[in-house]
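Colleague: Generate a structure from the sequence data that follows.
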Amino acid sequence: MQILGNLFNAVLFASVVGGAFAAATLVCSRAFRLALPLWAAAAAALLFCVPVLSPDVRLFSPEEQIWLAWYCAASRVWACGAAALLLGQGIRTLLASRALRRRPACRDARLRAVFARCAAAAGLRRAPDLRSGAGETAACVAGALRPVVLVNEAALAALAEEEVEAVLLHELTHIRRRHLLLERAADLACALCWFQPLAWLVRRELALQCEIDCDRHALAASGLSRQAYAGAILRLLERSAVRPRRLSRGMGALRFSQTRRRLGQILAAPRRRRERWTAAALVLLLLLTFIGSARLSREHFYPYPAYAAGEERAAGDFFAQ
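Modeller: Sure thing, here's the model as predicted:
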């Protein structure tokens with residue numbers, strides 16, 4: 001119980017600090033309609049996984065703790081929920097990797113040539129595997145450690161060559177920018193802080209920001225106008241079924257409720273000055289979060305501060321008696 005109690009204590013601390021930064025970023029994104037940089041959503045997700053502590057405190061107390069009964073029960077409930085979510089994620093990853101190995105290689109010579117050209121334009125040293133079987137979407141990426149691009153030849157055949165290049169550049173940008181690894185880290189945050197609603201909201205925000213990040217890079221590398229690129233996305237969405245949960249990342253892999261925000265970012269005129277001010281404000285906010293977290297950790301973790309009367313009772317020892 002000592003290890004479980006201290007681990008739950010650390011998770012509670014991370015959920016509070018991560019929730020504070022996540023709330024601020026979500027307000028900026030949804031209330032003020034600001035275009036957030038990708039790193040802001042990624043930092044919000046990582047703060048739920050990694051507690052920021054002062055260097056003079058310890059995450060696990062070397063002293064034996066006597067926990068309250070309700071805290072012991074809560075820590076066991078948390079451990080069961082986190083273990084179930086992690087097990088589910090592991091099983092889905094295993095099944096997805098087995099399914100990927102069964103996918104045949106794409107045999108369309110023209111599509112493979114366009115794919116190789118797009119991989120070079122995306123800045124990849126080595127082009128990933130190109131396989132058939134993207135389902136109802138034109139293309140998607142699967143596999144965080146060994147990513148594979150899955151394509152639907154019939155769906156891509158309905159697009160112009162410039163649109164096909166934009167679709168493939170979008171998927172390859174997911175690989176170059178390591179979006180799937182970021183999303184797996186966000187999944188870990190949701191598993192550890194499953195009781196924190198803001199962790200799940202940040203997970204959705206990160207998925208949206210990954211798509212917007214790919215849209216920006218694909219637009220810069222392709223010769224399409226903003227209107228033509230947005231039209232290609234709408235055509236792909238018309239061809240795909242609406243599925244709330246996906247195991248892969250694709251050009252149309254978001255809910256329709258989020259597509260409006262994504263299309264708005266694509267069609268909006270660049271506001272470099274506003275984006276720089278937003279990024280600067282978020283950097284300042286993140287620094288303040290680090291400082292506040294480090295100061296709060298001195299009250300929450302061992303060695304606990306003594307009260308003025310000299311009683312060795314810690315603010316962080318709130319759950320112990």
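Colleague: Just the helices from this protein, written as ranges.
Modeller: 2-26, 38-47, 69-101, 109-122, 153-157, 161-176, 179-192, 197-221, 226-239, 256-267, 272-300 (DSSP state H).
Colleague: quick one: which of the ones you listed is nearest residue 32?
Modeller: Proximity to residue 32 (Cβ to Cβ) singles out helix 272-300 among the helices of the chain, at 9.0 Å. C-betas here are computed from N, CA, C, even on glycine.
Colleague: could you dump the helices of the chain to a markdown table with mean neighbour count, mean pLDDT and distance to residue 144?
Modeller: Below are the helices of the chain laid out as a markdown table (neighbours: other Cβ atoms under 10 Å; pLDDT from 0 to 100; distance: least, Cβ to Cβ, whole Å):
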| stretch | mean neighbour count | mean pLDDT | distance to residue 144 |
| --- | --- | --- | --- |
| helix 2-26 | 20 | 93 | 21 |
| helix 38-47 | 23 | 95 | 14 |
| helix 69-101 | 13 | 93 | 8 |
| helix 109-122 | 16 | 91 | 18 |
| helix 153-157 | 16 | 84 | 24 |
| helix 161-176 | 24 | 90 | 10 |
| helix 179-192 | 20 | 94 | 4 |
| helix 197-221 | 21 | 91 | 12 |
| helix 226-239 | 17 | 80 | 23 |
| helix 256-267 | 15 | 78 | 21 |
| helix 272-300 | 15 | 92 | 25 |
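Colleague: among those, which is nearest residue 143?
Modeller: Per Cβ to Cβ, nearest to residue 143 of the helices of the chain: helix 69-101, 6.0 Å.
Colleague: Show me what that closest one is packed up against.
Modeller: Counting contacts by 3 or more Cβ pairs under 8 Å, 6 or more residues apart in numbering; DSSP states H and E, helix 69-101 packs against helix 2-26, helix 179-192.
Colleague: For residue 114, see how far away the residue nearest to residue 175 when sequence neighbours are not counted is.
Modeller: Once flanking residues are discounted, residue 175 sits nearest to residue 147: 4.7 Å by Cβ to Cβ, 6 or more residues apart in numbering. Between residue 147 and residue 114 the distance is 18 Å, computed by Cβ to Cβ, to the nearest Å.
Colleague: dump the residue contacts of the residue nearest the centre of the chain.
Modeller: By Cα atoms, centre = their mean, the mean C-alpha position of the chain lies nearest to residue 183, the distance being 3.4 Å. With contact taken as Cβ atoms under 8 Å, 6 or more residues apart in numbering, residue 183 is in contact with 144, 203, 206-207, 210, 249.
Colleague: One more: residue 294?
Modeller: Residues near residue 294 by Cβ under 8 Å, 6+ apart: 52-54.
Colleague: Using JSON lines, lay out these together with distance to residue 1 and pLDDT.
Modeller: As requested, these are exported to JSON lines (distance: Cβ to Cβ, whole Å; pLDDT from 0 to 100):
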{"residue": "52", "distance to residue 1": "26", "pLDDT": "93"}
{"residue": "53", "distance to residue 1": "22", "pLDDT": "93"}
{"residue": "54", "distance to residue 1": "26", "pLDDT": "91"}
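Colleague: Residue 60: what's it in contact with?
Modeller: Applying Cβ under 8 Å, 6+ apart to residue 60 gives the contacts 3, 6-7, 10, 302.
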